[in-house]
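Q: need a structure here:
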Amino acid sequence: MSLNSKIEWTHSTWNPVTGCSKISLGCENCYAERMAKRLKAMENNTYKNGFKVTLHEELLEKPLKWRQPQMVFVNSMGDLFHEDVPVSFIFDTFKIMKQAEWHTFQVLTKRTKRLKELSKEIEWPKNVWIGVTIESEEYVSRLNDILDTDAYIKFISFEPLLSQIKNICFKGINWVIVGGESGPKSRTMKKEWVFDIYEQCKTDNIPFFFKQWGGFHKKKNGRLFQNKVWNEMPLI
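A: I've put the predicted structure just below:
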């Protein structure tokens, strides 16, 4: 739980679920897993289970206490649609997001099959955005699953971008984030991969957010693309 998040495309994070498990290439060097293990070693009670999927019912109503409107990233330390999260808890999370209508909630998942299965049972308030992580061409099919939802804003996070991805149909998508992997053992993101996605965003008039080049020294590598910082956001 954090106000004033360091994640460039949000204001705050809210983690009613922590912990996850690896399901694809982008999970290999998971930052959340590293952080959870570090916090457990520091005897942080929230992370007493390390990176095992853990529900935090005591945190569910936290956004209701934040009176200043926030852009809130939901479960930066896990995945709301993980198979170990009960359906009832997912629905409870959505109820809180609907109640806290002055905030905008950004839900990001790799588990789009479960999202699709539950989507028709979920009430999608306009202040809840749904996003999918696509790290390489192998996972482009995830896009179709979020398009089947009734979310008001749908977005793609190409982070960490691990391969060239060309000719994606962005119809129905409202926002695109691109970023390289950071931290130990980070894999390199090539400029031409970013450019391909940028060009398609410009062609399709999709807001483009460039998060970072990544690498072990991500601050040194910076956020400039085409000599510019790209912080475009969907129009609400």
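Q: list the contacts for the residue sitting furthest away from the middle of the chain?
A: Computed with C-alpha atoms, centre = their mean, the residue of the chain farthest from its C-alpha average is Glu43, at 26.4 Å. Counting by C-beta atoms under 8 Å, 6 or more residues apart in numbering, Glu43 makes contact with nothing. Where you see a C-beta, it was placed from the backbone N, CA and C, and this is true even at glycine.
Q: Confirm it sits in a helix?
A: No. Per DSSP: H, G, I helix; E, B strand; the rest coil, Glu43 lies outside any helix segment and is coil.
Q: how close does it get to Met35?
A: Using C-beta to C-beta, to the nearest Å, Glu43 is found at 15 Å from Met35.
Q: which residues sit in contact with Lys113?
A: Asp145.
Q: for Gln226, same thing?
A: Tyr198.
Q: Only the buried residues of stretch 184-193, if you could.
A: Within stretch 184-193, the residues scored as buried using 16 or more other C-beta atoms under 10 Å are Ser186, Arg187, Met189, Trp193.
Q: now do stretch 12-22
A: For stretch 12-22, the neighbour count (16+ other C-beta under 10 Å) marks Ser12, Thr13, Trp14, Asn15, Pro16, Val17, Thr18, Gly19, Cys20 as buried.
Q: for the record, mean pLDDT for that stretch?
A: The pLDDT scores in stretch 12-22 average 98.
Q: Next, give phi and psi for Tyr31.
A: When read as degrees, to the nearest 10, the backbone of Tyr31 gives phi -70, psi -40.
Q: so what's it closest to, chain neighbours aside?
A: Nearest non-adjacent residue to Tyr31, counting by C-beta to C-beta, 6 or more residues apart in numbering: Gly183, 5.9 Å away.
Q: I'd say that neighbour and Asn29 touch.
A: Yes. If you go by C-beta atoms under 8 Å, Gly183 and Asn29 touch, sitting 6.2 Å apart.
Q: which stretches of the chain form strands?
A: 12-14, 17-18, 54-55, 71-74, 104-109, 128-133, 153-158, 175-179, 208-212 (DSSP state E).
Q: So what does Asn15 look like in phi/psi?
A: Dihedral pair for Asn15: phi -120, psi 70, per degrees, to the nearest 10.
Q: For it, which non-adjacent residue is spatially closest?
A: Met77 (4.8 Å).
Q: Pull the contacting residues for the residue most central in space within the chain.
A: In the chain, the residue lying closest to the centroid (C-alpha atoms, centre = their mean) is Leu108, at 3.5 Å. Counting by C-beta under 8 Å, 6+ apart, Leu108 makes contact with Phe73, Val74, Asn75, Gly131, Val132, Thr133, Ser157.
Q: ok, it to Met77 distance?
A: Computed with C-beta to C-beta, the distance linking Leu108 and Met77 is 12 Å.
Q: got it, and Thr13?
A: Thr13 sits 8 Å away from Met77, going by C-beta to C-beta.
Q: Check Asp145 too.
A: 22 Å.
Q: Between those two, tell me which one has more neighbours.
A: Shown here are Asp145 and Met77; by other C-beta atoms under 10 Å, Met77 has more neighbours (25 against 19).
Q: for that one, phi and psi?
A: Torsion angles, degrees, to the nearest 10, at Met77: phi -110, psi 20.
Q: surely it meets Ala32?
A: Yes. Met77 lies in contact with Ala32 (C-beta under 8 Å); the separation is 4.7 Å.
Q: what's the overlap in contacts for these two?
A: Common contacts of Met77 and Ala32 (C-beta under 8 Å, 6+ apart): Cys20.
Q: any chance of the strands of the chain in JSON lines, plus distance to Pro234?
A: JSON lines is the format used below for the strands of the chain (distance: least, C-beta to C-beta, whole Å):
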{"stretch": "strand 12-14", "distance to Pro234": "18"}
{"stretch": "strand 17-18", "distance to Pro234": "25"}
{"stretch": "strand 54-55", "distance to Pro234": "30"}
{"stretch": "strand 71-74", "distance to Pro234": "11"}
{"stretch": "strand 104-109", "distance to Pro234": "10"}
{"stretch": "strand 128-133", "distance to Pro234": "8"}
{"stretch": "strand 153-158", "distance to Pro234": "5"}
{"stretch": "strand 175-179", "distance to Pro234": "5"}
{"stretch": "strand 208-212", "distance to Pro234": "10"}
